[in-house]
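Novice: starting from these lines, generate the structure:
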Amino acid sequence: MKKQNPATRLLFKVIVYAALIIMTISIIIPVAWVFMASFKRNAEFIGKGTNPWALPEQLQWQNYVTAFVDAEMGKFFLNSVIITALSLVLLLVIALPAAYALSRFDFKGKKILNIAFMAGLFVNVNYIVVPIFLMLSGANRMLGVEFFLDNRFILSLIYASSSLSFSIYLLSGYFKTLPKGYEEAAYIDGCGYFRTMVKIMIPMAKPSIITVILFQFLSFWNEYIIAFTLMDENSTLAVGLKNLMAVERTATNYGIMYAGLVIVMIPVLILYVCVQKQLTKGMTLGGLKG
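Specialist: As a prediction, the model looks like this:
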């Protein structure tokens, strides 16, 4: 195999690092600006001679108090936490056994199920939100209840079911890469199928599970259209942020509006910091194993 020219290799590294630095700066600067803007007075945004890049003259913590209390962002925040956590639990409880069975066993109908899940990757749930709303409202009328709309569990169930195809596709792909020797050793030791999955295979698939949690958390946390259509009193943070931005933009209270944006971003940043090291470690071990 022909060796690569050292000069060419160095040039390639320089281009890659330069591209990564540019991408990092393009992400960090807007995020940092939003954090900075959330502490400013309204007079620092409008008026002649104002500098949008200037630091706040004084930290306005009242912006966060107003966004959290007066705009009821606290209630929306709690709803989003409950709905996102419940959606992730439902998703993993269903997706993990399904992905394990589809990737490790042969049975009748397996090919049809795989095709069905693959087809689900091409269905955007936002396009069918109106039929979902009509179905749920029809169920309310038929049963004479007010259960299926403005219900956090129902919304979580919709979120989880709409994410099954992607999650099963990702998890089953990782399960296929695991050696069968681990299962055979577990069977020899007397473990059944379920115990082998729970005790042996799922812990080994931790990197793919973390990836699913990270991707789907972002999807559930930031989702707006379904929550706006199906929810009212129990709306999520995305709906509350939209209402806050509409009100504060009209009243030109930009500091409060950016404080609301920060409230939405903080959980995402915390989750990424928590799982980033484990995700990188798992991907590195997977690469070495391969």
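
Novice: every contact and neighbour count from this point should use C-alpha atoms.
Specialist: OK.

Novice: can you show me the strands along this protein?
Specialist: Under the criterion DSSP state E, the chain contains no strands.

Novice: where in it is pLDDT low?
Specialist: Filtered on pLDDT under 70, the chain yields the residue ranges 1-4, 47-48, 249-251, 277-290.

Novice: and the helices in it?
Specialist: Ranges of helices in the chain, per DSSP state H, are 6-37, 62-65, 73-104, 110-120, 129-143, 152-162, 164-175, 181-188, 193-196, 202-204, 206-222, 225-230, 237-250, 254-289.

Novice: need the contact list for residue 137.
Specialist: 148-149 (Cα atoms under 8 Å, 6 or more residues apart in numbering).

Novice: repeat the analysis, applying 6 Å as the threshold.
Specialist: Listed by Cα atoms under 6 Å, 6 or more residues apart in numbering, residue 137 has no contact partners.

Novice: buried ones in stretch 185-203?
Specialist: Going by neighbour count (16 or more other Cα atoms under 10 Å), the buried part of stretch 185-203 is 186, 191, 196-197, 201-202.

Novice: which two of those residues have the greatest separation?
Specialist: 191 and 202 (14.2 Å; Cα to Cα).

Novice: ok so, going back, turn the buried residues of stretch 185-203 into CSV, columns for distance to residue 10.
Specialist: Converted to CSV, these look like this (distance: Cα to Cα, whole Å):
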residue, distance to residue 10
186, 48
191, 52
196, 48
197, 46
201, 41
202, 41
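
Novice: quick check, nearest of these to residue 159?
Specialist: Ranked by distance to residue 159 (Cα to Cα), the buried residues of stretch 185-203 are led by residue 202 at 22.5 Å.

Novice: which non-adjacent residue is nearest the closest one?
Specialist: The shortest distance from residue 202 to any non-neighbouring residue, by Cα to Cα, 6 or more residues apart in numbering, is to residue 96 (7.8 Å).

Novice: how far away is the one you found from residue 61?
Specialist: Distance from residue 96 to residue 61, counting by Cα to Cα, to the nearest Å: 43 Å.

Novice: the two: who's more crowded?
Specialist: Comparing residue 96 with residue 61 by other Cα atoms under 10 Å, the one with more neighbours is residue 96, at 22 against 14.

Novice: how close does that one sit to residue 165?
Specialist: Residue 96 sits 12 Å away from residue 165, going by Cα to Cα.

Novice: the closest residue to residue 237 other than its chain neighbours: neighbouring residues, count only.
Specialist: Distance criterion Cα to Cα, 6+ apart; nearest residue to residue 237, sequence neighbours excluded, is residue 76 at 4.6 Å. A total of 20 residues lie near residue 76 under the criterion other Cα under 10 Å.

Novice: alright, I will stop here.
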